[in-house]
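S.K.: got a structure for you, letters missing:
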DNA sequence: GCTGCTCTATTTGTATACAAAATTTAACGT
DNA sequence: ACGTTAAATTTTGTATACAAATAGAGCAGC
């Protein structure tokens, strides 16, 4: 059986990423423990782990709160993603196997299907977001750099990033899908400069889309 | 008084960074606890924290070991540093104040003094390494990006990186100091492209120096 | 000599207990 | 009413206790 601490960690984590916990909500060790029917020890471990990932903030003797991100944070995150994910493309392109390219093409196809307007948006937005994560995750994995993977992971786990497509306009969504296609084409052609450039543009475009949205609200 | 867990964390950490713990040595919670006269709880917390930073590896039910790095890891680390630190230069240049530039110039001066051969190498190498960390750290701080700072920190904490100058040839050392000077000059001129390019070259040069050294041993 | 097994001794994972610190509540004076 | 201080409560930090898992020693069999 899996360790309790890991289970707790995953539970709290998905709760945060799904936005089930309100902003900067206090996470009291005892409360979480009793609500899960376990002791404080594994809860504590889970919270520290989440703190290391930046999903919660903990202050000494004052406990943990759900982390919050402002516009400045989001700008930082997307800037760094644009740099690191384009680097991932650079590394992945010369290593890409035919089956990996095919996998990416399939993800593109699925997303293009989901983007057709006859599908209800409540169903298709989470599905699109999930495919998006798979697309980006696959390329990062293909880069074969454990550390790069780790660095990007710490940047990606932010609710608004997870839910990217929720704020996309139909045009922005189309552009995003075209970017994906273009990235795969560039990788297929073995052109890492092309691939990494499109990826950079792709992430920066997402940044503008999201920052524009959040500043209005 | 500071938390015990933090003290333990710092102790183990510096022990690892100074190479006082042999490669992939097992870190038994109980042993560490009794040797410090405390309980296992804070030791556990410290080890998990170190694991999150990548300084130790922990496997479930099998405990923690000091992390190990091979040539491939070092290549990854320096590649990422070259990208992220050059980005730091890019951000720092337009923000740099006169006093910050002056600070960097002073660090350059100190390092140039230390590099003169009439100083015993046992004294000057640690001093050089310390100044080097200050130089890079200051620029990262000047970038004003918390996350960038965080990402680079997780890359820098590797014994061989900490001890960089130990493997430098006299020529490589001179080149390194010239790079530092050039970076400051570029920032002074407000030329972020120049500054970031030199930084990139600077870190990649260090990579070659260190990889060349470690492959022979 | 080597491989695979069982049993014991370590060692980790979790629960519980208590002390120290912070937060909340209540009381008090102005 | 308001703000300030002090007691009461909550919550974190550390220690200890015990159960579950692992590693290692010793031994049987080939």
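M.R.: Okay, I see it. The structure displayed is predicted, hence computed values, not measured ones.
S.K.: Now do the SS call for residue A:144.
M.R.: When classified by DSSP: H, G, I helix; E, B strand; the rest coil, residue A:144 comes out as coil.
S.K.: Where does the prediction get shaky in chain A?
M.R.: Scanning chain A for pLDDT under 70 picks out A:1, A:118-121, A:162, A:164, A:213-217.
S.K.: got the domain boundaries for it?
M.R.: A:4-66, A:71-216 (automatic domain parsing).
S.K.: quick one: the last one near chain B?
M.R.: So that's domain A:71-216. Yes - counting by C-beta under 8 Å from any C-beta of the partner chain, chain B is contacted by domain A:71-216 at A:73, A:76-77, A:79-80, A:83-84, A:87, A:145-148, A:150-151, A:154-155. In this view, the C-beta of every residue, glycine as well, is placed from N, C-alpha and C.
S.K.: And the domains of chain A: which comes nearest DNA strand D?
M.R.: Of all the domains of chain A, domain A:4-66 sits nearest to DNA strand D, with 2.8 Å by C-beta to the nearest atom of the strand.
S.K.: Can you get me the start-to-end distance on that closest one?
M.R.: With C-alpha to C-alpha, to the nearest Å applied, domain A:4-66 spans 21 Å between its terminal residues.
S.K.: ok, now stretch A:28-47?
M.R.: 10 Å.
S.K.: Wondering if that stretch reaches DNA strand D at all.
M.R.: Yes - against DNA strand D, stretch A:28-47 shows contacts by C-beta under 7 Å from any atom of the strand at A:28, A:29, A:30, A:31, A:40, A:41, A:44.
S.K.: distance of the residue most central in space within chain A from chain B?
M.R.: The structure's chain A has its C-alpha centroid closest to residue A:156; by C-alpha atoms, centre = their mean the separation is 3.7 Å. Look at residue A:156 and chain B: by C-beta to the nearest C-beta, to the nearest Å, they are 12 Å apart.
S.K.: now residue A:175
M.R.: Relative to chain B, residue A:175 is positioned 25 Å away (C-beta to the nearest C-beta).
S.K.: How is the residue lying closest to that residue once chain neighbours are set aside assigned, secondary-structure-wise?
M.R.: If you skip the residues right next to it in sequence, residue A:175 has residue A:205 as its closest partner in space, 6.4 Å away by C-beta to C-beta, 6 or more residues apart in numbering or on different chains. Three-state call for residue A:205 (three-state DSSP): helix.
S.K.: you'd agree residue A:205 is up against residue A:172?
M.R.: Yes - at 7.3 Å, residue A:205 counts as touching residue A:172 under the criterion of C-beta atoms under 8 Å.
S.K.: Helices of chain A, residue ranges please.
M.R.: Under the criterion DSSP state H, chain A contains helices at A:4-17, A:29-36, A:40-52, A:71-95, A:98-115, A:121-142, A:146-156, A:159-162, A:170-188, A:192-216.
S.K.: roughly how far is the second one from the heart of the chain?
M.R.: Translated: helix A:29-36. Centroid separation between helix A:29-36 and its chain, computed with C-alpha atoms, centre = their mean, to the nearest Å, is 28 Å.
S.K.: Identify all contacting residues around that helix.
M.R.: With contact meaning C-beta atoms under 8 Å, 6 or more residues apart in numbering or on different chains, helix A:29-36 is reached by A:8, A:11, A:12, A:39, A:40, A:43, A:44, A:47, A:63, A:64.
S.K.: same check, this time on the shortest one
M.R.: Surrounding helix A:159-162, the residues in contact under the criterion C-beta under 8 Å, 6+ apart are A:16-19, A:69, A:74, A:77, A:129, A:133, A:155-156, A:167, A:210, A:214.
S.K.: How about the last one?
M.R.: Contacts of helix A:192-216 from elsewhere in the structure, counted by C-beta under 8 Å, 6+ apart, are A:71, A:74-75, A:78-79, A:81-83, A:85-94, A:139, A:160-161, A:164, A:167-169, A:172, A:175-176, A:179-180, A:182-183, A:186-187.
S.K.: Just give the nearest non-adjacent residue to whichever residue of chain A sits closest to chain B, would you?
M.R.: Closest to chain B within chain A is residue A:52: 3.4 Å, counting by C-beta to the nearest C-beta. Once flanking residues are discounted, residue A:52 sits nearest to residue B:52: 3.4 Å by C-beta to C-beta, 6+ apart.
S.K.: And the one you found, how far from residue A:64?
M.R.: For residue B:52, the distance to residue A:64 (C-beta to C-beta, to the nearest Å) stands at 15 Å.
S.K.: Comparing these two, which residue is more hemmed in?
M.R.: The neighbour count for residue B:52 versus residue A:64, taken as other C-beta atoms under 10 Å in any protein chain shown, is higher for residue A:64 (24 against 18).
S.K.: Spit out the contact partners of that one.
M.R.: Contacts for residue A:64 (C-beta under 8 Å, 6+ apart) come out as A:26, A:27, A:29, A:47, A:50, A:51, A:56, A:57, A:58.
S.K.: ok, so of those residues, who is nearest residue B:111?
M.R.: residue A:51 (36.0 Å; C-beta to C-beta).
S.K.: which residues does that closest one contact?
M.R.: A:57, A:58, A:64.
S.K.: How about residue A:3?
M.R.: A:42, B:60.
S.K.: Give me the phi and psi angles of it.
M.R.: When read as degrees, to the nearest 10, the backbone of residue A:3 gives phi -60, psi 140.
S.K.: Relative to residue B:60, how far out is it?
M.R.: 6 Å.
S.K.: Next, count neighbours for residue A:169.
M.R.: Using other C-beta under 10 Å: residue A:169 sits among 11 other residues.
S.K.: and it, what is it in contact with?
M.R.: Residue A:169 touches residue A:209, counting by C-beta under 8 Å, 6+ apart.
S.K.: got it, and residue A:11?
M.R.: Contact analysis of residue A:11 by C-beta under 8 Å, 6+ apart lists residue A:36.
S.K.: and with 10 Å instead?
M.R.: Contacts for residue A:11 (C-beta atoms under 10 Å, 6 or more residues apart in numbering or on different chains) come out as A:32, A:36, A:46.
S.K.: Kind regards, and thank you for your time.
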